[in-house]
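**Q** Sequence below, structure please.
(one chain, ligands or ions: 2)
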Amino acid sequence: MESSSSQRVARIAAHLNPPNFELRREECRAKGGAPGFKVAILGAAGGIGQSLALLMKMNPLVSVLHLYDVVNSPGVTADISHMDTTAVVRGFLGQPQLEAALTGMDLVVIPAGVPRKPGMTRDDLFNINAGIVRTLCEGVAKCCPNAVVNLISNPVNSTVPIAAEVFKKAGTYNPKRLLGVTTLDVTRANTFVSIFATLLVGTFGQGEVLGLDPKMVDVPVVGGHAGVTILPLLSQVKPPCSFTPEETEYLTKRIQDGGTEVVQAYAAAKFADACLRGLKGDAGVVECAFVASEVTELPFFASKVRLGRAGAEEVYQLGPLNEYERIGLEKAKKELAESIQKGTNFIKK
Ligand SMILES: NC(=O)C1=CN([C@@H]2O[C@H](COP(=O)(O)OP(=O)(O)OC[C@H]3O[C@@H](n4cnc5c(N)ncnc54)[C@H](O)[C@@H]3O)[C@@H](O)[C@H]2O)C=CC1
Ligand SMILES: O=C([O-])CC(=O)C(=O)O
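**A** Residues are numbered from 1 along each chain as shown. Ligands and ions are numbered 1, 2, ... in the order given. Here you go, the predicted model:
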């Protein structure tokens, strides 16, 4: 006869062994009554997806985290699910499991698709990623038509219009709930400006600023998410800061080219968190995003938006631009118009 201790071990083991493990976690969570949102990451086994999954699993606003990919999602799910935070993690592999991954979701974050190789532009990814985004958004329209969608897959300037057309076709389009993620441009801009300001002591209007924390810096970045369409409004930096024309030119290029150097998931997690805080009803959640917009004559444009229960509840105007920024805006709009049209045509053709 087994000792009571080994019987207990056997009982616990039965609960902790896959596939029971996640089921038990779910029961524990239900008993604890942790509130929160259901979030799906599509492309969760990729470079961005894995780090994003880790960061979302740490977010207390997330109660359920679905990790979908066409490869490797079971391993990633097992890894993430052992983190001792409340969100229940479930993995989904391949197209037959897409609908299960999406059903009931409040927020769908999409970093699925191919990334750039050296020498490529984001637009070079269009041919592969356009079809991937279309398929995934068809799934969203069918299974969670009211979810907020964060589109990360590049070229964002075209994939957002693609998603909009898919949702229009399905009759589920809500412009407030479709957001292209440009947060990385803002985190780069905040970081570069803070370093710059710290090194160039005395350029800030209010006297000397030493060791400026990037979190204290606010650089609006408008337009889109590729090359010249990324337009940092350095004249509107907070705290107020003045740059020479050469400094402006240098910083603008540095921010525009940041993606050829390094990519990361932190900004995507920051933006997803802002969307969840908005859905929860927090006041004053403002981030830049590429959304349906009337700020310019273009149907989509990135600018500051206020995030709320409805998604992007308010799209802010650009504010006063200086001459350098006005020229930049014209260049940005020209390229953006083509990228938006290309995305729209992909579905309409
Ligand atoms: N908007 C932004 O700020 C950023 C955008 N990106 C973009 O995000 C995308 C992903 O980048 P990485 O994670 O570095 O690439 P990656 O190649 O490491 O990961 C992509 C993942 O997508 C998966 N995938 C491919 N087809 C899929 C499908 N039909 N359904 C579901 N998953 C699918 C792949 O299996 C892979 O796991 C790229 O297009 C990249 O350009 C990356 C960084 C920042
Ligand atoms: O540049 C890339 O290929 C990825 C991206 O969008 C970024 O890092 O901003």
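**Q** any idea how far the residue of the chain found nearest ligand 2 lies from residue 14?
**A** Closest to ligand 2 within the chain is residue 259: 2.3 Å, counting by C-beta to the nearest ligand atom. Every residue, glycine included, has its C-beta placed from N, CA and C. Between residue 259 and residue 14 the distance is 48 Å, computed by C-beta to C-beta, to the nearest Å.
**Q** Please identify which of the two sits among more neighbours.
**A** Regarding residue 259 and residue 14, a neighbour count based on other C-beta atoms under 10 Å identifies residue 259 as having more, with 20 against 10.
**Q** I'd assumed residue 120 was in contact with that one.
**A** No. Taking contacts as C-beta atoms under 8 Å, residue 259 lies outside contact range of residue 120: 10.7 Å.
**Q** Quick one: the strands in the stretch 101-250 of the chain, in order.
**A** For the stretch 101-250 of the chain, applying DSSP state E, counting those that start in this stretch gives strands covering 107-110, 148-151, 178-180, 221-223, 230-232.
**Q** pLDDT weak spots in the stretch 201-349 of the chain?
**A** Across the stretch 201-349 of the chain, the stretches falling below the confidence threshold (pLDDT under 70) are 201-211, 262-263.
**Q** And the helices in it, which stretches?
**A** Listed in chain order, the helices of the stretch 201-349 of the chain (DSSP state H, counting those that start in this stretch) span 245-256, 266-280, 323-348.
**Q** Quick one: closest of those helices to residue 235.
**A** With C-beta to C-beta as the measure, helix 323-348 is the member of the helices of the stretch 201-349 of the chain nearest residue 235 (6.2 Å).
**Q** what helices or strands is the closest one leaning on?
**A** Helices and strands touching helix 323-348, by 3 or more C-beta pairs under 8 Å, 6 or more residues apart in numbering; DSSP states H and E, are helix 126-143, helix 156-170, strand 221-223, strand 230-232, helix 245-256, strand 300-308.
**Q** angle of the longest one against helix 156-170?
**A** In terms of direction (axes from the mean of the first three to the mean of the last three C-alpha atoms, to 10 degrees), helix 126-143 departs from helix 156-170 by 40 degrees.
**Q** could you dump the helices and strands packed on helix 323-348 to TSV with mean neighbour count?
**A** Compiled in TSV, those are given as follows (neighbours: other C-beta atoms under 10 Å):
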stretch	mean neighbour count
helix 126-143	19
helix 156-170	24
strand 221-223	29
strand 230-232	27
helix 245-256	16
strand 300-308	24
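**Q** Quickly list what residue 292 is bridged to.
**A** In this structure, residue 292 has beta-bridge partners residue 300, where bridges are defined by DSSP bridges.
**Q** ok now do it, which residues does it touch?
**A** Contact analysis of residue 292 by C-beta atoms under 8 Å, 6 or more residues apart in numbering lists 164, 175, 178, 299-300.
**Q** Recalculate using a threshold of 10 Å.
**A** Each residue near residue 292 by C-beta atoms under 10 Å, 6 or more residues apart in numbering is listed here: 160-161, 164, 173-176, 178-179, 298-301, 312, 315.
**Q** And for residue 180?
**A** Under the criterion of C-beta under 10 Å, 6+ apart, the contact list for residue 180 reads 149-161, 163, 224-225, 271, 289-291, 300, 302.
**Q** just residue 70 next, same as before
**A** Going by C-beta under 10 Å, 6+ apart, the list of residues near residue 70 reads 42-43, 45, 93-95, 97-98, 112, 132.
**Q** By neighbour count, which of these wins?
**A** The most crowded member of the contacts of residue 70, judged by other C-beta under 10 Å, is residue 42 (32 neighbours).
**Q** Please read off the pLDDT at the one residue in the stretch 1-150 of the chain that gets nearest to ligand 1 from the model.
**A** Using C-beta to the nearest ligand atom, residue 46 is the residue of the stretch 1-150 of the chain that sits closest to ligand 1, at 1.9 Å. Turning to residue 46, the model gives it a pLDDT of 97.
**Q** if I read this right, it contacts residue 115, doesn't it?
**A** Yes. Proximity of residue 46 to residue 115 meets the contact threshold set by C-beta atoms under 10 Å, at 7.7 Å.
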